[in-house]
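Novice: got a predicted structure plus its sequence, pasted below:
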Amino acid sequence: MDHVWGFITGARQRGLQSTEELLREGTFLTGIGELTSTSTGGTTDGLKLQPPLDGTPFYLTTLPISSLIRRIDDQRRTYSLHAYLTSLMRSSVGLFHLGTMFFVVVPSSVPCVKRLFHLNTMFLSPYMKETELDRKIDESESKAWRTVGLQEAVRQCFMSPAFAGRKGLNVPQSGIITPNIMQPGTFGVLTVIFGGVGLVLLGMMTRHWWRERKRLRVAEQAKRQLEQTRKERRQRVRETDLPEYQLCVVCRQNPREMIMLPCGHVCLCEDCSEGIVNLCPVCRTKITNKTAAYLA
């Protein structure tokens, strides 16, 4: 897996690498979990904070309890906003389908119900006495509907003439009405409704984007401060009495700390590597990436 990831990123790991994160002595921690007592030989040794057995969250952080609660509340509001947006979008889609059904299917079904009643009369006419309704049915339409079965007639009843024509079906033209959704008044009302819903969604998404952008900006600033602190701390712990082959080839003062890729030369300290970005100072190979190296 490491080789595949190295092939994708262009930085292949050479040797062993381990990362350890330590806390300074005297650092205060906030722990939220399950407190249990440890005992050996029947005597209680002390207390131990462990993840709860019931699956509730376990927190161990350097943040104070107030900051931890505030961060959890921010995450809760973010998840609630996502759930609200998702529900609102689903409701909008449902309202659209409901409006389509109300303005198209319901009005169109009225003549279809009448036609089905006509079909029932036609199919049962051999067993029924001819009624006034049968005599009012157009002979050409009666002939068209008698050529198909009742189930097929029901299916064709709800088809538009254009769609039925493409399918090669003989569907009577009478009784088919133009969908009301295409009328200017209805279309304008639907445009206002869904346009308003869209504006509300856009405003909420913009507000969420702005808050997320502000959070990322604060996090980036904190990251830069942490990087500067790390550099200063690294300068304080650098060894001064080093052999010549472990010194940076540029400044000849700091130890070699960076590896150049793809050539693999460990020849620069971290300070000098910030100013050398094009060619390796040893073999003049084009630098594609630089990674921290640890020499033993």
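Specialist: That came in fine, so what should we check first? Residues are numbered from 1 along each chain as shown.

Novice: select the longest helix from this structure.
Specialist: With secondary structure taken from DSSP state H, the chain has its longest helix at helix 184-237.

Novice: tell me which other helices or strands it touches.
Specialist: helix 65-100, helix 270-273 (3 or more CB pairs under 8 Å, 6 or more residues apart in numbering; DSSP states H and E). No exception for glycine: its C-beta is placed from N, CA and C like everyone else's.

Novice: looking at these, which one is packed in the most?
Specialist: helix 270-273 (a mean of 19; mean count of other CB atoms under 10 Å).

Novice: residues in contact with that helix: which ones?
Specialist: Under the criterion CB atoms under 8 Å, 6 or more residues apart in numbering, residues 231, 234, 248, 250-251, 254, 257-258, 290, 292 lie in contact with helix 270-273.

Novice: may I have it as PDB, with CA atoms only?
Specialist: Taking C-alpha atoms only, helix 270-273 is exported to PDB below (Å, rounded to 0.1, in the frame of the first residue of the first chain):
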ATOM      1  CA  GLU A 270      15.200  22.900   6.800                       C
ATOM      2  CA  ASP A 271      16.100  26.600   6.700                       C
ATOM      3  CA  CYS A 272      18.100  26.300   3.500                       C
ATOM      4  CA  SER A 273      15.600  24.000   1.800                       C
END
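
Novice: list the buried residues for the helix or strand that that helix is followed by?
Specialist: Downstream of helix 270-273, the next assigned helix or strand under DSSP states H and E is strand 289-292. Neighbour-count burial for strand 289-292, with 16 or more other CB atoms under 10 Å as criterion, is recorded at Lys290.

Novice: neighbouring strands of strand 289-292 in the sheet, and parallel or not?
Specialist: Sheet pairing of strand 289-292 (DSSP bridges) gives strand 258-261 (antiparallel).

Novice: CA atoms only for the strand it pairs with, dumped as CSV, please.
Specialist: Output of strand 258-261 as CSV, limited to C-alpha atoms (Å, rounded to 0.1, in the frame of the first residue of the first chain):
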residue,chain,number,x,y,z
MET,A,258,15.7,17.3,4.3
ILE,A,259,15.8,14.7,1.5
MET,A,260,15.5,15.8,-2.1
LEU,A,261,13.3,13.7,-4.4
